[in-house]
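Give me the fold of what follows.
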Amino acid sequence: MGMQDLKGRDLKQRVKELLESSEFSAALRELRSLPPRKVINPLFSFLYHTNEQLKWHAVTAMGIVVAELADKDMESARVIMRRLMWNLNDESGGIGWGSSEALGEILACHKGLATEYANILLSYIREDGNFQEHEMMQRGVLWGIARLVEKRPELLPHAVSHIMPFLSASDPAKRGLAVRIAGLLGCEGAKSKVLELTNDESGFTLYHDGALHHYTVKQMAEWALEKRTVLGA
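Residues are numbered from 1 along each chain as shown. I've put the predicted structure just below:
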């Protein structure tokens, strides 16, 4: 039986195997060979997975699959965007683990969707917007914004003013992600705070280029000020 013929649990299990594959680029090619509507539900389920690599590979795959769907059927892609946004809505009754990361990855992958939804993604860290109160959810939003501005900085030139509070967060991952956003946007208005963080030896993990990497906030601050290519500017 070919993958095109898989359904239900068998399809979900195969998607899981592909997301866990050590040959992830080859696994992505196989995922892209399937009709997007077949793989979207399995990918949604793995956004919540406790295995970090599985969750992040689902984020990467979601970006590629939805971007390719948008090229053929923009309205179907918007339905998926609205589903991710619903997961981040208090009224959904759940916590939308992985949803803001998936939003950021999709917007990094597709310019048309990015133009429509960039400011909605930013709204999840705006006190006057759809601010996410949950600490871990804030990490996800910051990662999503960082991923978007890495590819399309022109869409959120004003984002630095909204990430300023996170440069003083107690969580080193949030400090590191906020520094990354500042660096990607040129540190405008945040330079003095980023300079302070060049003494911050706290560690955090960043998913980048398909893998998990460990950095200190100090390393990220130094990169933000100098744009050292080791961190993938």
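
From here on, just use CA atoms for contacts and neighbour counts.
Fine.

roughly how far apart are the spatially most central residue of the chain and Thr198?
With distances taken as C-alpha atoms, centre = their mean, the chain has Glu101 as the residue nearest its mean C-alpha position (2.8 Å). The gap separating Glu101 from Thr198 is 26 Å, by C-alpha to C-alpha, to the nearest Å.

Going by the annotation, which residue ranges form each domain of this structure?
Per the record, the chain has its domains at 1-155, 167-233, by automatic domain parsing.

Spell out, range by range, the strands that occur in this protein.
203-208, 211-216 (DSSP state E).

Which parts of this structure are helices?
Ranges of helices in the chain, per DSSP state H, are 8-20, 24-32, 36-46, 52-72, 74-87, 99-109, 111-123, 135-151, 159-163, 172-184, 191-196, 217-226.

Of all those helices, which one comes closest to Thr205?
helix 172-184 (6.9 Å; C-alpha to C-alpha).

Give me the distance from stretch 96-108 to the chain's centre.
Put simply, stretch 96-108 sits 4 Å off its chain's centre (C-alpha atoms, centre = their mean, to the nearest Å).

er, stretch 194-204 I mean
Chain-centre distance of stretch 194-204: 22 Å, with C-alpha atoms, centre = their mean.

now swap in stretch 30-50 and tell me
Here stretch 30-50 is found 16 Å from its chain centre; the criterion is C-alpha atoms, centre = their mean.

before we move on, what about stretch 56-64?
Averaging C-alpha coordinates over stretch 56-64 and over its chain gives two centres that are 9 Å apart (C-alpha atoms, centre = their mean).

Other residues contacting that stretch?
19-20, 28, 31-32, 40, 43-44, 46-47, 98, 101-103, 105-109, 207, 210 (C-alpha atoms under 8 Å, 6 or more residues apart in numbering).

mind running it again at 6 Å?
Residues from elsewhere that reach stretch 56-64 (C-alpha atoms under 6 Å, 6 or more residues apart in numbering): 19, 43, 47, 102, 105-106, 109.
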